[in-house]
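Chemist: Provided below for reference: sequence and predicted model.
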Amino acid sequence: MSRAIFVEAQEALGRAAADETTVLTADLASRGDAMGVVRRGDDSQKHLKRFHKIVSWIESPLQGADKDSLVFHQRHEANTVELFFDLFFVANLATFTAYHSITDLNSLFAYIGFFSILWSSWFQIVLHDVRFARDSAYERACKTIQFIVFVGLALVGSSFDPGGEKANNTNFRILCYVLFISRVLLTFQYIIVLIFTMKAGYKKLYFPLILNIVIYATAAVVFAAMTPAFRNYALNHQGIYIVWYIVMLIEAFGVITISCIWRMLSFKKTHLVERMGLLTLIVIGEGAIGVTKTISRMMGKYGLDTEACFLVICIILVLIFLWCLYFDNSPHGHYGTIRQQIWSVLHFPLQLTIVGVVEGSQQVALARYIMRQTTKIDKAFYEDCMVNHLDGVPLVNAIVKSLQYFQLESKVESERWIPVLNDDIFTIGNMTSICAPENVNGKYEPGWYPQELVNLLYDSLGAIYSSLGMKLPLDKDPTLVAVHSWRIVYIYYWSSFVLLLASLIAFLFLIRKNKADIFDWVSVIVRFVVLLAGAALIAVAANQDALFTFLATPAVLPTCVILLFLVLLFDRLSGVFANWRLRKSGQAFVREEDEDHEHEAHGEHHTTLDKNGVEVGTSETDPLTANTAYMGVQSFAMGPVSVHKSPPPSFRSSASGYMPVGNDQLYGV
């Protein structure tokens, strides 16, 4: 009897639970239906049609304005069209790098000059987009024009050489036209912003927006007025080139100053920090493209080489350490309106020096590779002539065998050197007893041999140098060109390193918004010491023998790697020590990643410190669960619905419109 009663009671509880679950599920479904939302998994709604999203023709930039902070704030992060636009920047940079070998000061200044034009054009567009750009047909049309502008810059960059003996006036006119179009477009975009602002009646924005319009319109007029100076028969342009850079400097200074004075046009809540970080990442990533080219140049046809592999690993470490140095100390949250503007402008020298270090690392690796290969040829020639005393056909065969390793005839870049090398070999083969003992013993200094072989060695150096993508004139001594270019590369490599450290030091001061601790002091001091070490390495270039002795060893790149590693190591140690000391003191502190600037007392924050004093978030210590997907407004947690063992507590809506939290309340509904 008691068993039957127990079974009946259990079945009743089961039916009640099932009914309650059915009612709850129906209630959840009715809420979704009432809101007109169709869940993807509901097959019964497949007969309904989709309501398509249509991009509007134009949107007011005031829709993204933060009326509480009185600033423009369109979105929290870069959208896809902005990332797409950044790719055009790196495509230009990669193309220009591929077409221009830094062999003298003119080519170095041309590289810096084109990067300045490219970066300035990108920067002015970004300053508009982070504040005013909203996805619309109008904005996409503007982006299309900007893409065309950057394609035009790529055309100009392929033969941009203002300091060259043969100036390309047509190329310079195209550059003026491209810059004119870009500034006219910016003028038009700011006029559109002004029109929407006037419709809304924000009178305080009229004057600063008009100033922006005047700046870009004036720049457009100046660029257009420069075109007659580049007539086909005009030769002297030294005083004209500087106008490009003066106008762009005034542009940047004017727009930044306006945003500092009229804070409503500042970048306080924009994603400018993210845009600058993304471009920095792209610039570093362009170095990764260069690494692949360097690998193919040094080992693409000759197979693996131990030293070449070591140098490539050093270049990769340089890229990783640059990434760490920038992003480990990137700003979190707002740290001052004016400081943010200065921080953004300082990205020009930072990114220029990153390019210098990255490209310089590849050039230093190639210089070491060429020196090593040239030394091999030199030893082979010396042994064939001064030791084995070969002559005629045997000597020619030995020379050809030494040069065949480089496969110079299979590379387009070195094809033009093949006739020169053949002439040298033909001359040597037709000379009688050129390496006979009676003709060479005691007549040459140690390590030297007949001039005909020396000429072949120099021309071989030029062919190998050209096969690696370097542009060398046939009418100049390839050895002198190579030696001069290596000296230039060495100087700009370590100069970029020094300026990079100076920029990073400036960034540390600009982004700091809390009380200084031992990390701040150590990080600045170590960077300054490493900066001085880089300056000392620049001084080595004053002594040519010391310079080429250093370049002839594989120690240049490891030196850079070690210096960057020391900066990161001391950052790590000082950060751990600062956290340990702060934890031990029991003082209130704020987390660096806290975007809301909310100070949390020690013992009340939601993170833990490990035994080394390193702060570890909850997400880093808790194991991952299977349910890690984001849930939308109408999504439901993928778990069983709990059965109420007692009726849910009754409630009434509070005055604020929020539901009181009960013990059995469900979330994600």
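Modeler: Okay, I see it. Computed from a prediction, not measured in an experiment: that's the story for all the values here.
Chemist: so residue 514 is in which element?
Modeler: Counting by DSSP states H and E, there is no helix or strand that carries residue 514.
Chemist: Going toward the C-terminus from the host helix or strand of residue 368, what's the next helix or strand?
Modeler: Per DSSP H and E, residue 368 falls inside helix 347-382. Scanning forward in sequence from helix 347-382 by DSSP H and E, the next helix or strand is helix 393-404.
Chemist: Would you mind listing the outside residues contacting that next one?
Modeler: 376-377, 380-381, 384-385, 388, 390, 421, 425, 428-429, 434-435, 456, 460 (C-beta atoms under 8 Å, 6 or more residues apart in numbering). From N, CA and C alone the C-beta is placed, and that goes for glycine too.
Chemist: Report the inter-axis angle for it versus helix 347-382.
Modeler: Following axes from the mean of the first three to the mean of the last three C-alpha atoms, to 10 degrees, one obtains 160 degrees for the angle between helix 393-404 and helix 347-382.
Chemist: Kindly export helix 393-404 (C-alpha atoms) in CSV.
Modeler: As requested, the backbone C-alpha atoms of helix 393-404 are provided in CSV (Å, rounded to 0.1, in the frame of the first residue of the first chain):
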residue,chain,number,x,y,z
VAL,A,393,91.4,25.9,-70.0
PRO,A,394,91.9,24.3,-66.5
LEU,A,395,91.8,27.8,-64.9
VAL,A,396,88.7,28.8,-66.8
ASN,A,397,87.0,25.6,-65.8
ALA,A,398,87.8,26.1,-62.2
ILE,A,399,86.5,29.7,-62.3
VAL,A,400,83.3,28.7,-64.0
LYS,A,401,82.8,25.9,-61.4
SER,A,402,83.1,28.5,-58.6
LEU,A,403,80.6,30.8,-60.2
GLN,A,404,78.0,28.2,-61.2
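Chemist: Give me the mean pLDDT for that helix.
Modeler: Helix 393-404 shows a mean pLDDT of 86.
Chemist: Likewise for stretch 414-422?
Modeler: pLDDT averaged over stretch 414-422 gives 84.
Chemist: and the helix holding residue 368, what does it pack onto?
Modeler: helix 105-132, helix 272-299, helix 306-327, helix 393-404, helix 451-467, helix 478-511, helix 544-551, helix 556-585 (3 or more C-beta pairs under 8 Å, 6 or more residues apart in numbering; DSSP states H and E).
Chemist: Where does the prediction get shaky in this structure?
Modeler: 1-44, 64-70, 163-167, 233-239, 300-302, 332-336, 469, 471-475, 588-590, 592-669 (pLDDT under 70).
Chemist: in the helix holding residue 368, what counts as buried?
Modeler: 347-348, 350-371, 373-374, 377-378, 380-382 (16 or more other C-beta atoms under 10 Å).
Chemist: quick one on the thing from earlier: filter the contacts of helix 393-404 to the buried ones?
Modeler: For those, buried by 16+ other C-beta under 10 Å: 377, 380-381, 384-385, 390, 421, 425, 428-429, 434-435, 456, 460.
Chemist: With respect to residue 93, which of the helices and strands packed on helix 347-382 lies nearest?
Modeler: Residue 93 sits nearest to helix 272-299 of all these, at 5.7 Å, using C-beta to C-beta.
Chemist: Please point out which parts of that closest one sit buried.
Modeler: So for helix 272-299, counting by 16+ other C-beta under 10 Å, buried means 272-280, 282-284, 286-287, 290-291, 293-295, 297-298.
Chemist: related to what we said a few turns ago, format the helices and strands packed on helix 347-382 as CSV; extra columns: distance to residue 256.
Modeler: Output for the helices and strands packed on helix 347-382, formatted as CSV (distance: least, C-beta to C-beta, whole Å):
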stretch, distance to residue 256
helix 105-132, 8
helix 272-299, 11
helix 306-327, 21
helix 393-404, 57
helix 451-467, 43
helix 478-511, 14
helix 544-551, 40
helix 556-585, 29
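Chemist: And the ones you listed: which comes nearest residue 250?
Modeler: Nearest to residue 250, of those and by C-beta to C-beta, is helix 105-132 at 10.7 Å.
Chemist: ok, and for the helix or strand following the closest one, which residues are buried?
Modeler: Going down the chain from helix 105-132, the next helix or strand is helix 137-157, by DSSP H and E. Neighbour-count burial for helix 137-157 flags 138-139, 142-143, 146, 149-150, 152-157 (criterion: 16+ other C-beta under 10 Å).
Chemist: so what does helix 137-157 touch, helix or strand wise?
Modeler: So helix 137-157, by 3+ C-beta pairs under 8 Å, 6+ apart, packs with helix 80-99, helix 105-132, helix 169-200.
Chemist: And stretch 318-330, how far out from the chain middle?
Modeler: Centroid displacement of stretch 318-330 relative to its chain, using C-alpha atoms, centre = their mean, to the nearest Å, is 11 Å.
Chemist: which residues are contacting it?
Modeler: Contacts for stretch 318-330 (C-beta under 8 Å, 6+ apart): 273, 277, 280-281, 284, 287-288, 291, 350, 354, 357-358, 361, 500, 504, 507-508, 511, 523, 557, 560-561, 564-565, 567-568, 571.
Chemist: So which bits of that stretch are buried?
Modeler: 318, 319, 321, 322, 323, 324, 325, 326.
Chemist: Reformat those residues as TSV; add distance to residue 580.
Modeler: Converted to TSV, these look like this (distance: C-beta to C-beta, whole Å):
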residue	distance to residue 580
318	31
319	31
321	25
322	28
323	26
324	22
325	23
326	26
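Chemist: Could you let me know which of those residues ends up closest to residue 443?
Modeler: residue 318 (46.9 Å).
Chemist: Residue 486 versus that closest one, what's the distance?
Modeler: Between residue 318 and residue 486 the distance is 19 Å, computed by C-beta to C-beta, to the nearest Å.
Chemist: Could you do residue 349 as well?
Modeler: Residue 349 is 24 Å from residue 486, by C-beta to C-beta.
Chemist: how about residue 363, what does it touch?
Modeler: Counting by C-beta under 8 Å, 6+ apart, residue 363 has contacts 102, 489, 493.
Chemist: Was I right to think the first one contacts residue 96?
Modeler: No. With contact defined as C-beta atoms under 8 Å, residue 102 does not reach residue 96; the gap is 11.4 Å.
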